[in-house]
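1. Build me a structure from this.
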Amino acid sequence: MSETTAPDGSLRRRLHALYYGNDVTAQRFRYALLGFDIVTIIFFIASSLVEPALWFYALDYFIAAVLLADYVARMLVANSAWRSALRFTSIADALVILSLLMPAFTDNLGFLRVARMLRLMRSYHLLRELRRDWLWFRRNEEVIQSGINLFVFVFVITAIVYVVEGSRNPAINNYFDALYFTVTTLTTTGFGDITMQDTVGRVLAVVIMVVGVGLFLRLVQSIFRPVKVNFPCPDCGLQRHEPDAVHCKHCGRVLNIPSDGEAF
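-> Below is the predicted model:
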């Protein structure tokens, strides 16, 4: 049975219809989940800038309840719950939920909740709906995906810097201090007003410079390079072509690239 085949059981069938169905209710449900993800990410970032209050913890537990319900529902509709639980996005969600439920023990590590953003735009069904509903998304999907990958990459690296150095480095007092250090390091600007003072922080900075800079530049390049379409050439197999290409630039084969009937 494929992952999109309706499972047995009344509750599982209803959940499956919401997560994988094509009707208006299912589409609205998945868009609502995406909106909830975006709101929670904004809240997680904003909450790192102020002192925690009682209502912050109340919101944490409310968000944890929603995420836990979503997590359990996805496990129920999956063909293999164990295989689904071992996926990276599922592990990230589990860490998010644990960090929300244990603020007394994970006050600093709790900001790993920002890993929730890894779920953004990863649903095949959501992408399919965006392609169908928005011509602008279909024409710019590659740039949008690259932008999201860059956003996720920068903010996850920033979360690691904040978690590791937030309690060690007096110059890193909140998430935006960590973001400032991360961006200046990734862009090789290096103003020097925020520096790592301990061995762990310096090792982290070395890793960011050696590994992160190359990935950062590659992601930036994928955003600003000319937009192309994926269409495998039947003869030579070249997959990326200009949107209005008539011939394959590698072998000269005539191409019939599908379009939406509008000029690019």
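2. Hmm, T40 is touching D60, no?
-> No - contact between T40 and D60 fails when scored by C-beta atoms under 8 Å: they sit 10.0 Å apart. All C-beta spots, glycine's among them, are computed from the backbone N, C-alpha and C.
3. lowest confidence element among the helices and strands of this structure?
-> helix 124-133 (a mean of 69; mean pLDDT, DSSP states H and E).
4. Helix or strand next in line after that one, which one?
-> Using DSSP states H and E, the helix or strand that directly follows helix 124-133 along the chain is helix 135-165.
5. quick one: that next one to chain centroid distance?
-> 6 Å (C-alpha atoms, centre = their mean, to the nearest Å).
6. going on from that helix, what's the next piece of helix or strand?
-> helix 175-186.
7. Buried by neighbour count: which residues of that next one qualify?
-> In terms of neighbour count (16 or more other C-beta atoms under 10 Å), helix 175-186 has its buried residues at 175, 177-182, 185-186.
8. Let me see the backbone angles for N79.
-> Here is the backbone geometry of N79 (degrees, to the nearest 10): phi -60, psi -40.
9. what's around it, how many residues?
-> 12 (other C-beta atoms under 10 Å).
10. From I45, how far out is it?
-> N79 is 35 Å from I45, where distance means C-beta to C-beta, to the nearest Å.
11. Next one, pLDDT for the residue nearest to P170 when sequence neighbours are not counted please.
-> Leaving aside its sequence neighbours, P170 sits nearest to Q197 (C-beta to C-beta, 6 or more residues apart in numbering; 8.0 Å). With respect to pLDDT, Q197 scores 87.
12. Surely Q197 forms part of a helix?
-> No - looking at Q197 with DSSP: H, G, I helix; E, B strand; the rest coil, it is coil, so not inside a helix.
13. what residue ranges in the chain score low on pLDDT?
-> Filtered on pLDDT under 70, the chain yields the residue ranges 1-9, 48, 52, 103-128, 225-227, 259-264.
14. in it, which spans are helices?
-> For the chain, the helices defined by DSSP state H occupy 10-20, 24-47, 54-77, 81-85, 88-101, 124-133, 135-165, 175-186, 199-207, 213-224.
15. export the fifth one as CSV, just CAs?
-> Spelled out, it's helix 88-101. These are the backbone C-alpha positions of helix 88-101, laid out as CSV (Å, rounded to 0.1, in the frame of the first residue of the first chain):
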residue,chain,number,x,y,z
PHE,A,88,14.7,14.0,9.7
THR,A,89,11.7,16.2,9.7
SER,A,90,9.9,13.9,12.2
ILE,A,91,13.0,13.9,14.5
ALA,A,92,13.1,17.7,14.3
ASP,A,93,9.4,17.8,15.2
ALA,A,94,10.0,15.5,18.2
LEU,A,95,12.8,17.8,19.4
VAL,A,96,10.6,20.8,19.0
ILE,A,97,7.8,19.2,21.1
LEU,A,98,10.2,18.0,23.8
SER,A,99,11.8,21.5,24.1
LEU,A,100,8.3,23.0,24.5
LEU,A,101,7.3,20.6,27.2
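16. Mind listing what's buried along that helix?
-> Per 16+ other C-beta under 10 Å, helix 88-101 contains these buried residues: 90, 92-93, 95-101.
17. Dump those residues into TSV; add distance to R240 as well.
-> Formatted as TSV, those follow (distance: C-beta to C-beta, whole Å):
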residue	distance to R240
S90	32
A92	30
D93	33
L95	36
V96	35
I97	39
L98	41
S99	40
L100	42
L101	45
